[in-house]
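Peer 1: Take a look and give me a structure for this.
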Amino acid sequence: MNQPLPISASVEVAASPATVWETVSDVTRMSEWSPECRRIIVLGSKRSGVGTRLLGLNRRGWAVWPTTSTVVRFDPARAVAWRTRESGATWSYELEPTAVGTRLTGRRELPRFSVGTTVMAPLIGGAVGHDEELAAGIRTTLERIKGAVERG
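Peer 2: So this is what the prediction gives:
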């Protein structure tokens, strides 16, 4: 079986890490920027921070599927990350101060395709094909976040 592609991209945002953090730390807003994520709902009473549970709804073409995730990193003005149970992927957004403002890096860490991903692969066009789309999608997501932050 093929291995997952490394997925990572960065963008320079003309704003401070604190300003970028105000946008990125609200993971329920990912549906505004991601080409695939349609909605994220917080489960339970914990609204933000490590341990926050999330229900996501994704769409790719005609395929629609739910995901469940848990926030595994929440470092104010530095990084937010969540692990998706079904795929085993950890999605992170890291902020680093630069001379211009902030370097925002989006990344998906996935050591191997899960059984769930393998089973879903025919429905979503293949795991490797989906990886290529996710790699392009994270760049789109970062550009959309950059635009939202810089527009204020």
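
Peer 1: C-terminal to the lowest-mean-pLDDT helix or strand in the chain, what's the next element?
Peer 2: Least confident helix or strand, the chain: helix 115-124 with a mean of 58, by mean pLDDT, DSSP states H and E. Using DSSP states H and E, the next helix or strand after helix 115-124 towards the C-terminus is helix 127-151.

Peer 1: list the contacts for Pro76?
Peer 2: Trp21, Ser25 (CB atoms under 8 Å, 6 or more residues apart in numbering). Quick note: C-beta positions are derived from backbone N, CA and C, even for glycine.

Peer 1: List the buried residues in stretch 62-75.
Peer 2: Thr67, Ser69, Thr70, Val71, Arg73, Phe74 (16 or more other CB atoms under 10 Å).

Peer 1: which residues sit against that stretch?
Peer 2: Under CB under 8 Å, 6+ apart, the answer for stretch 62-75 is 25, 27, 38, 43, 48-58, 79-87, 90-92, 120, 123-124.

Peer 1: can you give me the helices in the protein?
Peer 2: Shown for the chain, the helices assigned by DSSP state H span residues 17-24, 30-33, 115-124, 127-151.

Peer 1: Which among those helices is found nearest to Glu109?
Peer 2: helix 127-151 (12.0 Å; CB to CB).

Peer 1: what's the longest strand in this protein?
Peer 2: For the chain, the longest strand by residue count, based on DSSP state E, is strand 63-75.

Peer 1: Report the central residue of the protein.
Peer 2: Note on the chain: the residue nearest the mean C-alpha position is Trp91, at 4.7 Å, using CA atoms, centre = their mean.

Peer 1: Low-confidence stretches in the chain?
Peer 2: 1, 113-129 (pLDDT under 70).

Peer 1: And stretch 17-36, what's buried?
Peer 2: For stretch 17-36, a neighbour-count test (16+ other CB under 10 Å) marks 17, 19-21, 23-25, 27, 30-31, 33-36 as buried.

Peer 1: what's the spacing between it and its chain's center?
Peer 2: For stretch 17-36, the separation from the chain centroid amounts to 9 Å (computed by CA atoms, centre = their mean, to the nearest Å).
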